[in-house]
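Enquirer: Quick one, structure for this:
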Amino acid sequence: MKKYEYPLQQVIDDLEKKGTVKGHEMVIHQIEEGKNGYGPRYFILGDENKPFIRMNSNSYLGLSRHPKVIEAEEEAARIFGSGPGAVRFISGTFKHHISLENRIAQFHRKQAAMLFSSAYVTSMGVIYPLITPETIVISDELNHNCIIHAIRLSRPAEKYIYHHNDMDDLHSKLKSSVGKGKRVLVVTDGIFSMRGDYAPLHELVSLCHTYNDYFEEGVISIMDDSHGVGAFGDTGRGTEEYTKTQVDILIGTLGKAFGVNGGYVAGDKTLIRYLRETAPMYIYSNPITVPEAAAAETALSIVDSPEGKKILKHLGELTRRFESGLTGAGYETIPGPHPIVPLMVRNTEKTGRLTRWLHKEGVLATGLNFPVVPKGDEEIRFQISAEHTEKDIEAVLSVLAKFES
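Expert: Now for the predicted structure:
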């Protein structure tokens, strides 16, 4: 053991020197319901008596604690147990999995959908089987880590990275790809998780159509909209809805706005049938549990209802109020309708100080430094949730106003 422990420790030491080590994980041990016009407060081991407002949660709609979602999960657990007990192709497929897949396809107006154990695994499980030795991949430079690793694992014939949301550069990369392969995958995030901005899908898909006939197996658009689905668009259908443009292959998650767990892909029937037969991350891994599937379908039903529209409206109002409060206090942000609201600090040392100040004042927010974000793009990422109230937003803005830079 000593022989391999030394090089492992060296890596850890290097991460600490660079300031990129994740360190000890924060452990939430209690949630206190909101009162007096404020939302819920969270309690952390080591700060047991200090209530925190959680401004770094992906649960954009607050559905993880919705009574109907919890009730659906508990009922399914009583009937079917806590786990699936097998992979899908043996005996791990239950009626709730099929029902949820059908509901996802209907929600996104696709022919079919299939579940994976997480959104990260979904991107790996979709991209890897679609890349052949004659496939070219073109990817946005700010795509999520799961897309980056899926491409590395797949070893395409050619890989191109285009400047973030730069359609002229994407056009150039498509032109350079002609004659170098049979198939092209153009891959993008829908909502970019560090910035809260979105892909210009109309232009991206139009370029794919323009170059489709130059390749024997066409140009395929793939979007991972894990931060968009549920929380973006008038009815929560994500970046496709907001841009009024559909991609060929949509990847989403059940673990953010829908408040449960798991990932999914939606597309045409042939694609889904192919992935069920070829995606090792699907074939050899247990699916999400039956209780999770029941809870997720309930969450989807809530989003696709008048109650869901009301939640989305509330979320949008809070997001706009927070953005205007930041700019009014002299802070820089990247404006947009998504509830990811970055406070652009653009300095590593100051980002650390501001993150620590927020924690001291009872605010959980995520400081992002290089190499997680490019140098000069250091930021505090705030994530608004429908569980927040107007008083919560004002409280956080008040804390930021008192920070001495």
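
Enquirer: on contacts alone, who are the packing partners of the lengthiest helix in the chain?
Expert: Counting residues, the longest helix found in the chain (DSSP state H) is helix 306-328. In this structure, helix 306-328 packs against helix 290-303, strand 332-333, strand 340-344, helix 390-401, with contacts taken as 3 or more CB pairs under 8 Å, 6 or more residues apart in numbering; DSSP states H and E. Placement of C-beta: from N, CA and C, glycine included.

Enquirer: Pull the CA coordinates from it and hand them back as CSV.
Expert: Listed next in CSV are the C-alpha coordinates belonging to helix 306-328 (Å, rounded to 0.1, in the frame of the first residue of the first chain):
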residue,chain,number,x,y,z
PRO,A,306,-51.4,25.3,-13.1
GLU,A,307,-49.5,24.9,-9.8
GLY,A,308,-46.3,24.5,-11.8
LYS,A,309,-46.9,27.7,-13.7
LYS,A,310,-47.5,29.5,-10.5
ILE,A,311,-44.2,28.1,-9.0
LEU,A,312,-42.3,29.1,-12.2
LYS,A,313,-43.8,32.6,-12.1
HIS,A,314,-42.7,33.0,-8.4
LEU,A,315,-39.2,31.7,-9.3
GLY,A,316,-38.9,34.2,-12.2
GLU,A,317,-39.9,37.1,-10.0
LEU,A,318,-37.4,36.2,-7.3
THR,A,319,-34.6,35.8,-9.9
ARG,A,320,-35.3,39.2,-11.4
ARG,A,321,-35.4,40.8,-8.0
PHE,A,322,-32.0,39.3,-7.0
GLU,A,323,-30.4,40.3,-10.3
SER,A,324,-31.6,43.9,-10.0
GLY,A,325,-30.4,44.0,-6.4
LEU,A,326,-26.9,42.9,-7.3
THR,A,327,-26.5,45.4,-10.1
GLY,A,328,-28.1,48.1,-7.8
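
Enquirer: which residues are in contact with that helix?
Expert: Residues outside helix 306-328 that contact it (CB atoms under 8 Å, 6 or more residues apart in numbering) are 60-62, 231, 234-236, 302-303, 332-333, 335, 337-339, 341, 343, 382, 384-386, 388-390, 393-394, 396-397, 400.

Enquirer: returning to that earlier point: among the helices and strands packed on helix 306-328, which is nearest Y160?
Expert: Within the helices and strands packed on helix 306-328, the stretch nearest Y160 is strand 340-344; the backing value is 26.6 Å (CB to CB).

Enquirer: Partner strands of that closest one, with direction?
Expert: Based on DSSP bridges, the pairing partners of strand 340-344 within the sheet are strand 332-333 (antiparallel), strand 379-383 (antiparallel).

Enquirer: Of these, give the one that comes closest to K182.
Expert: Between K182 and the strands paired with strand 340-344, the shortest gap by CB to CB is with strand 379-383, which sits at 39.4 Å.

Enquirer: Could you give the average pLDDT over the closest one?
Expert: For strand 379-383, the mean pLDDT works out to 96.

Enquirer: so it versus helix 306-328, what angle?
Expert: Interaxial angle of strand 379-383 relative to helix 306-328 (axes from the mean of the first three to the mean of the last three CA atoms, to 10 degrees): 150 degrees.
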